[in-house]
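[1] Could you work out the structure for the sequence below:
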Amino acid sequence: MKQKEILTSSELATLWMTYQEKTMFLRMVEYFHAVNEDKKEQNFYESHLNRLSKEIKKIEAILQAEGAVVPNGFSEQDVNKQAPPLFQPTFALQIMRILAEIGMGLHAIHLARSYRKDIIRLFQELSATTQHCYEECTELLIEKGAFIKLSSPSFDARASGYGSKYSIFKRYQYIWQ
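    Below you'll find the model as predicted:
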C-alpha cells in the first residue's frame, strides 16, 4: 500500500503565503468592483472575483485535507467598500496589473518549491489565471489610453555612414584581433 504524500514545509509555507496574497487581492478587487462605474471594468472585476474565490477555496481544501491550519486571511471587515475612491479610474487597473506581475513571479518561485503533483498543478493554474489577469489589465489600460504602445526605433546603417549592417564590425575590427 502506497503511503500518502505529506506536504513539505516549503509547500505548506507557499500555500500559506499564497492564501494571504489571494485573500488580500480578493478584498482589493471587491473594493475596485464596488467603486467602479465602467461596465467593461465591472465585468472584468466580477470574473476575477469568481476566479479568486475558487482559488482560495482550493487552497483551503488542500490545507484542511492535510489537517493543517488555514491562516487568517483578509476578510470583508478589513475593507470599507463605502469609502470614496482616492485615485483616478485607471489606477485600480494599474495596481491590479502590478500585482499580477508580482504574482507571476511568486507563482513561478512557489512552483519551483513544490513536489507534490496536486501542489504543482495548483501553482500552474494560479500562474495561468494570473497571466490572464495581466493580459486583460494591459488590454483595458491600452484601450483607455493609459498606456501608449511605442514602436521600436529603427536604425539605418547606411544613413549613419557605416554602409552595410556589418561595416560597423569592420570599423572596430581591432577588438577581435
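
[2] Listing request: residues of this structure with sub-threshold pLDDT.
    Along the chain, segments meeting pLDDT under 70 span 1-2, 149-177.

[3] hey, C-alpha coordinates of stretch 53-63 in PDB?
    Coordinates of each C-alpha in stretch 53-63 appear next as PDB, following Å, rounded to 0.1, in the frame of the first residue of the first chain:
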ATOM      1  CA  SER A  53     -12.900  32.800  -4.700                       C
ATOM      2  CA  LYS A  54     -12.300  29.500  -6.400                       C
ATOM      3  CA  GLU A  55      -8.500  29.700  -5.900                       C
ATOM      4  CA  ILE A  56      -8.900  30.500  -2.200                       C
ATOM      5  CA  LYS A  57     -11.300  27.500  -1.700                       C
ATOM      6  CA  LYS A  58      -8.800  25.200  -3.400                       C
ATOM      7  CA  ILE A  59      -6.000  26.300  -1.100                       C
ATOM      8  CA  GLU A  60      -8.400  25.900   1.900                       C
ATOM      9  CA  ALA A  61      -9.400  22.400   0.800                       C
ATOM     10  CA  ILE A  62      -5.700  21.300   0.500                       C
ATOM     11  CA  LEU A  63      -4.800  22.700   3.900                       C
END
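
[4] any residues touching that stretch, and which ones?
    With contact meaning CB atoms under 8 Å, 6 or more residues apart in numbering, stretch 53-63 is reached by 7, 15, 18-19, 22-23, 26, 69-70, 73, 118-119, 122, 125-126, 129. (Glycine included, C-beta is placed from N, CA and C.)

[5] Skip the chain neighbours and tell me the closest residue to the residue most central in space within the chain.
    Nearest residue to the geometric centre of the chain (CA atoms, centre = their mean): A100, 2.0 Å. Nearest non-adjacent residue to A100, counting by CB to CB, 6 or more residues apart in numbering: Y134, 3.8 Å away.

[6] Filter the contacts of stretch 53-63 down to the buried ones.
    Buried members of those, counted by 16 or more other CB atoms under 10 Å: L7, L15, T18, Y19, K22, T23, L26, G73, I119, L122, L126, T129.

[7] Work out the gap between stretch 86-100 and the centre of the chain.
    When distances are taken as CA atoms, centre = their mean, to the nearest Å, stretch 86-100 is centred 13 Å away from the chain's centroid.
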